[in-house]
Every structure is written in structure tokens, then in C-alpha cells.
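J.: Could you look at this predicted model? Sequence included:
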Amino acid sequence: MEKRVTFNEKTLPYLLVLPQIVITIVFFFWPSWQAIYQSVLLEDAFGGNTRFVWLDNFAHIFQDPAYYRSVMVTAVFSLLVAGLGLAVSLLLAVMADRIVRGATAYRAFLVWPYAVAPAVAGVLWGFLFNPAVGIVAWTLRTVGYDFNYVLNGGQALALVVFAAVWSQISYNFLFFLAGLQSIPKSLIEAAAIDGAGPGRRFWTIIFPLLSPTGFFLLVVNVIYAFFGTFGVVDGLTKGGPARATEILVFKVYNDGFRGQDLGGSAAQSVILMAIVILLTVVQFRFIERRVHY
Amino acid sequence: MVENRPWLTVFSHIVLLIGVVIIAFPVWMTFVASTHDAQTMLRSPVPLLPGPHFFKNYREVLTEGYARTSGIPVTIALFNSMVMALGICIGKIIISIIAAFAIVYFRFPFRMAAFWAIFVTLMLPVEVRIVPTYGVVAGLGMVDSYSGLIIPLIASATATFLFRQFFLSVPDELAEASRVDGAGPIRFFLDILLPMSRTTIAALFVIQFIYGWNQYLWPLLVTNKESFYTAVMLVARQATAVDATPSWNLIMATAMLAMLPPVLVVIFMQRQFVRGLVETEK
């Protein structure tokens, strides 16, 4: 879509786009190029010697069992965060859409976790499950289940998943609710008159009509699980115990800033960039399709 | 309501109430922890109801801070967060609205190139290019400064798109009429377009304020001096510091203070918040 009416100025439009473009070049394009460039260099930590090593950094990554471990952790983590987050928020949205009384109050109570920083969410959940003073950990211990996320890798991963889902529920809930409210009531009424019960109506009418929203949210949630959860992990487990919660984003940070392995970290960045670009393309193709719906 | 099924309605309320309780429980425990003294919070099980030390704890973190991990009072961190959040959100809105204005209302060479250059930044979140971006910022001498916290984060493809969409929906007659009346582009922008964009700006403001306030990885990288720490950073640092007898009451008071501003914004500007979220789609 284009405007018919435009203004004739030679320099003004350039001045107007200049700030955005300058910032984009300096802080997006240049660093991205640097990431690609560094990924083919071997550099010592003090920046003294730099050697061009072709794809050695990538080769190292793909031979490193720790990297595959991180890929596995990320896969399990993203699957759980996206799956659990979507299922829980869909349930809540369907329930909130059904009731008449108190719907706004419920909505108000369900949306504000969006405003809590993921890093703070990590700290909050860490406190609840703290092995020494956590109230939930204490309750579990009294019923005979020993929960210690500081030592047990599986439990640490479960906790990071909970905290990440908690942070993301509001977002999913709002989109599902908007999706539900846009489904024509006449369809549901017609099905009810034909004798379909609530469960039948949900699976044969509501769920299929909601699937575009669901697919959009799936992509957003996977992107969130991959990149938005750095704060949750850093505020809760710092990748531990024994790297059980070291997702790929956290490994880039850990190897680059803690480990000072700049080439390896840059190569991991490049791999991650490829993943985000892929996910974004999927997302946009889908949005394009939804426009024609 | 299609039909009356009282049991299903009761079930819906129960599910929603359980949801609300699970959502609110961590924050309730944080609040409770922030109102007791340090000894109470080291004995398990910790209390479930608030205690008498509310004012004492909050005064302590606001004026002195949690001395064991960092000496700075939380007031300074809150101020830093506020500067960063407002800087990011106002900066984003300004540079995006003028860029969208240029792209929609002018024809100039490289217009589409500019558009695509902004567009592809959607694909590169800061998390995937942290080391080189840090290198650029360090090279520019922006470590430990407000400009270092703010400027790298203010380029925004989503805000530019949102304004572009909105400008495209503005009737052409308005621009035509102001041209006939002899108004230049700047006059048209300030007197007509800007007032019309109020609701879009408000929606973006809410979303971007929360985005800015909750930044974590970036401030972690570009701040070394404690005097530039943000509130969110402070909470995470205190909670994960290795400490045999942590003062959970103070850590949690800090967490409450770090959560409060964005939560208040969501609660009091809920309409703009929902609008902003749905329209920016991210």
C-alpha cells in the first residue's frame, strides 16, 4: 500500500530516517558482521594474536559433547515451555471466555505477570523452592519428596520451566482470549441447537478456528524459550547444576564472557542467528497467510 | 451464554481461581518475606502471613541497600531503571515515528532500502550477538553510562511498523488539505499527524516502558560500576550470591520494589497495555 499524496522535499526525509538507520547500522549490522567475522578467527583472550581459521570454530562446536548437551537441554526446555505455556493459558482463556460474572477481575489478575522481569520471576521461584527456606520445598519434604534444585539437574530444569511458563502465561492468555472472542457466537449457538455439548463444540468448532492464533503463539513461545529466558536461567540456576539448565543462549554468554572463548562464542552466535532468522521467516509466512484468511 | 450449565460455570470459576492463586502465590510469598526480620526468614517453614517489619526493611533497602552483595541503596538502582526505561521507550517512539513519517509521506531514493534495513533487525535480538555488540559499545566508550544502557536498544522495527500502518490508514485528504492551505511537511506532522497518533503512542509507551524496565542481559554487560546497576540486576545478583545466611527479607523487599513500577503501569493502563500488546504482536 502506498500513499497517493506525498510531500516534495529533497533532504528532509533523509534527516528523518537518519537516527533509526544510524543506530541500526552501528548496533545491529556492524556487530552481526563482527559475529560472523569473529566466528572464523581464533583469538587469544587478550586480543594479541588473531588467526584466520576457516570453519574450525564451527567444527569444534560440532565435535563438542557439551554443545550437544546444550542443544538437548534447549530442545527439552523449549518443548516444555511452549507446550505447557500454551496448554495452561488456553485452558484459562477458555474458562474466562465462558463466564460472565467477574471476567474483567480475572483478566486483571492474570495479566500482570507480564510486567515482572524474567530475571525477577526466576528469583521468586527460586525462593519458593529454596532447599533451605523455600515454602514449597518444605511442603514437598514433609510429604516425603526431596526437592533440591541446587543439586538435582532434572529438578532444576523443571523449576526453570515453571518460572519461564509463569512469565509467559499472561501474553498467551491475552491472545487466546482475543482469538476466542473473535469467533462468531452464531456458530457456537447453531452447534448447541444441533445438540453438541461443550466438549464437542470446543474440539470441532472452537479449537480449529483458534488454530491460527495457536500457531502464531507457538512460534512466539519458541522464540521466547530460546532467547527471552536468559534472565530466568541467570536469576535461578546460572546454567547449573553441572550445566543441566545451560540453554544455548546462556552458553553463548558463558563461553564468551566468562570463558573468554570469543571465536567459539561468535560461532555459536552465528548458529543462533540462523535459528532466529528461520523462526522469524516461519512466523512471517504464517502472518501473511492469516491475512488472506 | 449458549445454555445454562451451572456445574460447568462453577468448574470454570474453580479453574480460574486456581490459576489466579498460582499466578499470585510467588508474589505473595515475596511480599510476606519482605515484612519479617532476617532470622524468621531463615527458619523453615517460613511464615505465610505478613509480619511487623515492613517499614524497617523497606527503609533499610531504600537508604542503605543490601550491604553484603553491593553497597548501593535501591533508590539509586530504581532511578537508573527509570532513566533506562523512559530513555528506551521515549527514544524508540521518537525515532520510529519520524522514520515512519519519512517512509510513508515522502518518495526518495533508497526509501525501500531504508525500510528493509529497519525490517531485518527484527531477526536479530540482542541475545544472539552479545559479544560483538558489547565490543562496539566498549569501543565507543559507552560502558558505564546511561547512553550505553539506552541507545543500543532504541532502534525498533515493531514501533516503526506500527506507526507506518497507522499513517497508511490516515485519509489522504488530510495531507492534501494541509498542502492546499500551504502547510509544509513538518507543520502537517506536528499539527495533524502527531495529535492523531495519541492512542498508538500511549499503547506503545506502555509496552516499551515494560520492555525497557525489564532489560536484564544488556545492563549486565554494559555496567561494571555499581552506581549504574538497575533494579532488576540488583535483585538477581543478591539472590544468586553465594551466602550462608542470606537476608531474604531485604532481598525480597528489593524484588518487590523492582517489580512495582511496571506492574502498576499494567494495572492502571490496562486498556493501552492490551492494545499495545495485540497491535505490536510481540
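T.: Happy to help now that I have it.
J.: only C-alpha atoms for contact and neighbour calcs from this point on.
T.: Will do.
J.: Now for A:Leu237, how many residues are close by?
T.: No Leu there; residue A:237 is Thr. For A:Thr237, the count of nearby residues is 24 (other Cα atoms under 10 Å in any protein chain shown).
J.: got the contact list for it?
T.: A:150, A:156, A:160, A:245, B:240 (Cα atoms under 8 Å, 6 or more residues apart in numbering or on different chains).
J.: close enough to count as contact, the last one and A:Gly240?
T.: No. Between B:Thr240 and A:Gly240 no contact is recorded; they are 11.8 Å apart, counting by Cα atoms under 8 Å.
J.: Could you list the low-pLDDT ranges of chain B?
T.: Within chain B, the stretches with pLDDT under 70 are B:1-3, B:67-71, B:123, B:242-244, B:280-282.
J.: Need the residue closest to the centroid of it.
T.: With distances taken as Cα atoms, centre = their mean, the residue of chain B nearest its centroid is B:Ile210 (1.9 Å).
J.: Remind me which helix or strand the closest residue to that residue other than its chain neighbours belongs to.
T.: The spatially closest residue to B:Ile210, leaving aside those adjacent along the chain, is B:Pro262, at 5.5 Å (Cα to Cα, 6 or more residues apart in numbering or on different chains). Per DSSP states H and E: B:Pro262 is located in helix B:248-268.
J.: Flag every buried residue along the helix or strand following that helix.
T.: Per DSSP H and E, the first helix or strand lying C-terminal to helix B:248-268 is helix B:270-280. Of all the residues in helix B:270-280, those buried under the rule 16 or more other Cα atoms under 10 Å in any protein chain shown are B:270, B:272-277.
J.: do stretch A:178-185 as well
T.: A:178-180.
J.: show me where the stretch 51-200 of chain A has helices.
T.: Taking DSSP state H, counting those that start in this stretch as the test, the helices found in the stretch 51-200 of chain A are A:56-63, A:65-98, A:103-111, A:118-128, A:135-142, A:153-181, A:185-193, A:198-201.
J.: Redo those as TSV? Include distance to B:Pro26 and mean pLDDT.
T.: Listed next are those as TSV, based on distance: least, Cα to Cα, whole Å; pLDDT from 0 to 100:
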stretch	distance to B:Pro26	mean pLDDT
helix A:56-63	38	80
helix A:65-98	17	90
helix A:103-111	13	83
helix A:118-128	6	90
helix A:135-142	10	85
helix A:153-181	10	90
helix A:185-193	37	86
helix A:198-201	33	85
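J.: Highest mean neighbour count out of these?
T.: helix A:118-128 (a mean of 27; mean count of other Cα atoms under 10 Å in any protein chain shown).
J.: Would you mind measuring from A:Val222 to B:Glu173?
T.: For A:Val222, the distance to B:Glu173 (Cα to Cα, to the nearest Å) stands at 43 Å.
J.: actually B:Thr35, not the one I wrote
T.: To B:Glu173, B:Thr35 is 60 Å away according to Cα to Cα.
J.: who has more neighbours, these two?
T.: Ranked by neighbour count (other Cα under 10 Å), B:Thr35 and B:Glu173 place B:Thr35 first, with 23 against 11.
J.: Spatially, what comes nearest to the more buried one if we skip its sequence neighbours?
T.: In space, B:Thr35 comes closest to B:Phe54 once its chain neighbours are excluded; the distance is 4.2 Å by Cα to Cα, 6+ apart.
J.: same deal with B:Asn249?
T.: For B:Asn249, the spatially nearest residue (Cα to Cα, 6+ apart) is B:Ser34, at 4.3 Å.
J.: ok, now which ones touch the one you found?
T.: B:53-54, B:57-58, B:248-253, B:256.
J.: now those in TSV, with neighbour count?
T.: Output for those, formatted as TSV (neighbours: other Cα atoms under 10 Å in any protein chain shown):
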residue	neighbour count
B:His53	17
B:Phe54	18
B:Asn57	22
B:Tyr58	22
B:Trp248	23
B:Asn249	27
B:Leu250	28
B:Ile251	24
B:Met252	29
B:Ala253	25
B:Met256	21
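J.: before we move on, the earlier item: any idea which of the contacts of A:Thr237 is closest to B:Thr63?
T.: Nearest to B:Thr63 among the contacts of A:Thr237, counting by Cα to Cα, is B:Thr240 at 22.0 Å.
J.: In contact with that closest one, which residues?
T.: The neighbourhood of B:Thr240, defined by Cα under 8 Å, 6+ apart, consists of A:235-237.
J.: So which of those belong to helices?
T.: The helices, defined by DSSP state H, take in A:235-236 from these.
J.: And the contacts of B:Thr240, which is closest to chain B?
T.: Distance ranking of the contacts of B:Thr240 against chain B, using Cα to the nearest Cα, places A:Gly235 first at 4.9 Å.
J.: And the closest residue to chain A within the stretch 1-150 of chain B, how close does it get to B:Leu204?
T.: Proximity of the stretch 1-150 of chain B to chain A (Cα to the nearest Cα) peaks at B:Ala99, 4.3 Å away. Look at B:Ala99 and B:Leu204: by Cα to Cα, they are 15 Å apart.
J.: before we move on, what about B:Cys89?
T.: Look at B:Cys89 and B:Leu204: by Cα to Cα, they are 8 Å apart.
J.: likewise A:Tyr224?
T.: Counting by Cα to Cα - A:Tyr224 and B:Leu204 are separated by 20 Å.
J.: Next one: stretch B:267-274, is it in contact with chain A?
T.: Yes. Counting by Cα under 8 Å from any Cα of the partner chain, chain A is contacted by stretch B:267-274 at B:267, B:270, B:274.
J.: Return the alpha-carbon coordinates of that stretch using PDB.
T.: Extracted in PDB, the C-alpha atoms of stretch B:267-274 (Å, rounded to 0.1, in the frame of the first residue of the first chain):
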ATOM      1  CA  ILE B 267      -2.700  -2.400  36.200                       C
ATOM      2  CA  PHE B 268      -3.500   1.300  35.700                       C
ATOM      3  CA  MET B 269      -3.100   1.400  31.900                       C
ATOM      4  CA  GLN B 270      -4.600  -2.000  31.200                       C
ATOM      5  CA  ARG B 271      -6.500  -0.800  28.100                       C
ATOM      6  CA  GLN B 272      -3.400   0.700  26.500                       C
ATOM      7  CA  PHE B 273      -1.400  -2.300  27.600                       C
ATOM      8  CA  VAL B 274      -3.700  -4.900  25.900                       C
END
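J.: Pull the residues that contact that stretch.
T.: Residues contacting stretch B:267-274 (Cα under 8 Å, 6+ apart): A:108, A:112, A:174, B:199, B:202-203, B:206-207, B:266.
J.: now do stretch B:252-265
T.: A:112-113, A:115-117, A:120, B:30-31, B:33-35, B:57-58, B:61, B:74, B:78, B:206, B:209-210, B:213, B:231-232, B:234-235.
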